[in-house]
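**Q** sequence and predicted structure below; questions after.
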Amino acid sequence: MGFEALLGNERLKDNLRSSLGRGKASHFYLISGPAGSGKRTLARLLAAALMCEGANPPCGTCSGCRKIANGLHPDFITVDDPEKKTVPVDLIRKAMADIYIQPNEGKRKIYLLPRGQDLNLSGQNALLKILEEPPPYGAFLLLTDNPERLLPTVRSRCVELALRPLDEPLLRRELERRFPGNDGISAAISRSGGYLGQAIELLEGNAQIPQQTLDFCEAFTLRNTMTLVKTLVSMEKWKRDQWIPMLQQWTSILEEALASRSGGRAISEQARAIAASRSSADILSAIRQIQKCTEYAQGNVSCAAISGYLQWVLR
Ligand SMILES: [Zn+2]
C-alpha cells in the first residue's frame, strides 16, 4: 500500500519514506493544508506507517495497518470534541496523562488532533508540556488548515508536512475515474484550487459555501450595492490569510460564470445566476478588479483599504 493512497505530494511522500526507512520517525507531526487537501488521509497513512510491523511501512496488510485503516486500533486515539468550538483543554490534559500508560497492543500510542486551528492558548500550552518530554512510544499528529495560529514553540517542535495542490492532469484523471462522464469536472477543477477533496465536494454538491461568498454572489447578480457594501464592511477586520482565499473563491465563481456564458457548464447555482444576469464584460471587469485586490492583499495594502476599494469599483 505505502503512501500512494495520498495523491500527488511526491516530495513529501519521498521524505517520509526515507526518514521512516532510516528509523527516524518523529514524535510530532504537523500536517497542514486547506480543507480537502488530504490531511486526514495522510494522518491515517502515517499512523499506519508508525504502527506497521511489515516491510515498507505502511504495508497495508499487517494487523496494525489494517486496524488503523478500519478505525479499530486501540492505540490510535482522536483528541477532539466536534461539538465544541475550541478543542477542550481537559481532553488534551487527559491525553497527557494517558500517554504515560503503555500502549495496549501497538508499538506506539498515537494521538490525532484533527483541529489544530481550533486549539486555544491554554490548549496549546497543555500540548507543549507533552511535546517537551514524550515517552519513546508516544506520537502526535496535529492537523491544521492554518499553521499560523499555532504558537511558534509548538510549531518548532513538529515535523511539518504541508500538503500541496495537485497538478491539473493528475486531478483530472482522478476525477474522471471517480465521476465518469461528469461534465462539471473542468469547473470543479478550477474552483477546487487543486485540492481533490474540494473538487469531490463540488461535484457531489455538498460544498459549503461561506456566507460572504453567497452574499457577494447575490449582490453581484442583483447589482445590490447595499448587500455588497455590508459584506465588504464585515470583512474589514479580517486578516490577509482570510482575504486571499475568499477573493480567489469569488474569482473562480466569476470565471465559471464567464465560461458558462461562452458555452461551458457552471456547476454552482451562484455562477449560473451571475451568468444569467450580468454581461461578459461586467464579469470580466469584476474578475480583473478582484484579481488586482488579491495582489494587493498578497502585498502590503491594508485589508480595510482593499475593502474600501472593492466597495467603490464593484458598485
Ligand atoms: Zn503494516
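**A** Cool, the structure landed. Numbering: from 1, shown residues only.
**Q** quick check: residues of the chain near the ion?
**A** By the rule CB under 5 Å from the ion, the part of the chain lying against the ion is C52, G54, C59, C62, C65. The C-beta positions use only the backbone N, C-alpha and C, and glycine is treated the same way.
**Q** can you do 6 Å?
**A** C52, E53, G54, P57, P58, C59, C62, G64, C65 (CB under 6 Å from the ion).
**Q** neighbours of the fifth one, how many?
**A** The one in question is P58. Applying other CB atoms under 10 Å, we find 26 other residues in the vicinity of P58.
**Q** roughly how far apart are it and L6?
**A** 11 Å (CB to CB, to the nearest Å).
**Q** ok, now which ones touch the residue in the stretch 151-300 of the chain that the ion sits nearest to?
**A** The ion sits closest to L161 of the stretch 151-300 of the chain, with a gap of 19.6 Å, by CB to the ion. When the contact criterion is CB atoms under 8 Å, 6 or more residues apart in numbering, the partners of L161 are L12, L16, Y29, L30, I31, S32, L42, L46.
**Q** try 10 Å
**A** 9, 12-13, 15-16, 26, 29-33, 39, 42-43, 46, 141, 143 (CB atoms under 10 Å, 6 or more residues apart in numbering).
**Q** identify the contacts common to P58 and L6.
**A** Shared contacts of P58 and L6 (CB under 10 Å, 6+ apart): R44, L45, L46.
**Q** show me these that map onto helices.
**A** R44, L45, L46 (DSSP state H).
**Q** for the residues you listed, which one is nearest the ion?
**A** Distances from the ion to those, taken by CB to the ion, are shortest for L45, at 10.7 Å.
**Q** can you count the residues close to the closest one?
**A** 25.
**Q** which of the residues of the chain next to the ion sit farthest apart?
**A** E53 and P58 (10.3 Å; CB to CB).
**Q** any common contacting residues for these two?
**A** With CB under 10 Å, 6+ apart, E53 and P58 have common neighbours G64, C65.
**Q** what comes into contact with stretch 121-135?
**A** Contacts for stretch 121-135 (CB under 10 Å, 6+ apart): 27-28, 79, 86-97, 99-103, 108-109, 111, 113, 115-116, 119-120, 138, 140, 142, 149-151, 153-158.
**Q** so which elements touch the longest strand belonging to the chain?
**A** The longest strand of the chain (DSSP state E) is strand 138-144. Helices and strands touching strand 138-144, by 3 or more CB pairs under 10 Å, 6 or more residues apart in numbering; DSSP states H and E, are strand 28-32, helix 39-51, strand 76-78, helix 89-98, strand 109-113, helix 121-132, helix 152-156, strand 159-162.
**Q** before we move on, back to that, need the ones in helices among the shared contacts of P58 and L6 in CSV with pLDDT, can you?
**A** Shown next, in CSV, are the ones in helices among the shared contacts of P58 and L6 (pLDDT from 0 to 100):
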residue, pLDDT
R44, 96
L45, 96
L46, 97
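**Q** A266: which of the residues you listed is nearest?
**A** R44 (34.1 Å).
**Q** L7: neighbour count?
**A** 16.
**Q** I'd say it and R178 touch.
**A** No. Between L7 and R178 there is no contact under CB atoms under 10 Å: 11.3 Å.
**Q** okay, and the common contacts of these two?
**A** L196.
**Q** so how far is the first residue of stretch 296-306 from its last?
**A** 7 Å (CA to CA, to the nearest Å).
**Q** then stretch 177-187?
**A** End-to-end for stretch 177-187, by CA to CA: 16 Å.
**Q** what separates that stretch from the chain centre, distance-wise?
**A** 22 Å (CA atoms, centre = their mean, to the nearest Å).
**Q** and the contacts of it?
**A** So stretch 177-187 is contacted by 168, 171-172, 175-176, 188, 191, 196, 199-200, 202-205, 252-253, 255-256, 259-260, 264-268, 271 (CB under 10 Å, 6+ apart).
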